[in-house]
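In: From the sequence below, what's the structure:
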Amino acid sequence: MAGIAAIQYKFETSDYINLLNFREKMIKLGLTASKLIGGEGIIVYPENVGVFLVLEGLNLKESEDMSKALEKLVIRKFPKLIYIMLANSTSKWTESILIWRSKPMLETYVQVFKEVAKKSGCYVVAGSTFVKYEGKVRNISYTFDPDGRVVGVQQKVHITPPEYELGLHPSEIEKISAFDTAFGKIGVAIC
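Out: Presented below is the predicted three-dimensional model:
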């Protein structure tokens, strides 16, 4: 019988500073969840699970907290971030960082959760990450089938005040969708 497992965990900087750490953590959580539901069903990761991939590959220390890591990032990449701010008509540092890091963040997020789905044998609702889409940074969730294929993508349509302050943009309500799984149609709410 299939089940649903929702994963909850404490975000640690060390899980995001390199691909190996992130991969190991997400696979471990996914395999644990898969066992709990009998190896068949849907595993749901928390919103923003991919957001701190903004730190991946930037040679940060494992002991650094998120705010110190982001502060260092702004100092080290100041000219690049100023250029991005001007080119994208934004005055927000966080938005410029997310625009700059969006592509590698998404690549790592997709690669890792595709593997989680395959190894767990379950559908995986991969929480969410921030992605530059149609020229704007958005909060987006991907769902993978047990073969690791993307079967659904959902954009957040109602953003919170803190997300707005970070430079995120809501999607249109018409982008809400449902998609097929072996257990029937599902929709993903990013809240």
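In: how close does residue 182 get to residue 104?
Out: Distance from residue 182 to residue 104, counting by C-beta to C-beta, to the nearest Å: 32 Å. Quick note: C-beta positions are derived from backbone N, CA and C, even for glycine.
In: of these two, who's got more company?
Out: residue 104 (15 against 11; other C-beta atoms under 10 Å).
In: check contacts around the more buried one.
Out: Listed by C-beta atoms under 8 Å, 6 or more residues apart in numbering, the contact set of residue 104 reads 53, 56, 57.
In: Flag every buried residue along the helix or strand encompassing residue 186.
Out: Following DSSP states H and E, one finds residue 186 within strand 184-187. Using 16 or more other C-beta atoms under 10 Å as the burial criterion, the residues of strand 184-187 that qualify are residue 186.
In: Please list the residues outside it that contact it.
Out: Identification of contacts with strand 184-187 by C-beta under 8 Å, 6+ apart yields 42, 125, 143, 152, 154, 176, 177, 178, 179.
In: what are the pairing partners of that strand, and which direction each?
Out: Looking at strand 184-187 with DSSP bridges, its partner strands are strand 178-181 (antiparallel).
In: Sort out which residues of the partner strand are buried, please.
Out: Residues of strand 178-181 classed as buried: residue 181 (neighbour count, 16+ other C-beta under 10 Å).
In: now do stretch 163-171
Out: With the criterion 16+ other C-beta under 10 Å, stretch 163-171 contains buried residues 163, 166, 167, 168, 169, 170, 171.
In: Please flag which of these sit within helices.
Out: 163, 166 (DSSP state H).
In: Could you list the low-pLDDT ranges of this protein?
Out: Applying pLDDT under 70 to the chain flags the ranges 1, 62-64.
In: just to revisit the earlier point, got a winner among the contacts of residue 104 for most neighbours?
Out: Neighbours here mean other C-beta under 10 Å. Within those, the largest count is held by residue 53, at 24 neighbours.
In: Please report how far the nearest residue to that residue once chain neighbours are set aside lies from residue 137.
Out: The shortest distance from residue 53 to any non-neighbouring residue, by C-beta to C-beta, 6 or more residues apart in numbering, is to residue 105 (4.2 Å). Residue 105 sits 11 Å away from residue 137, going by C-beta to C-beta.
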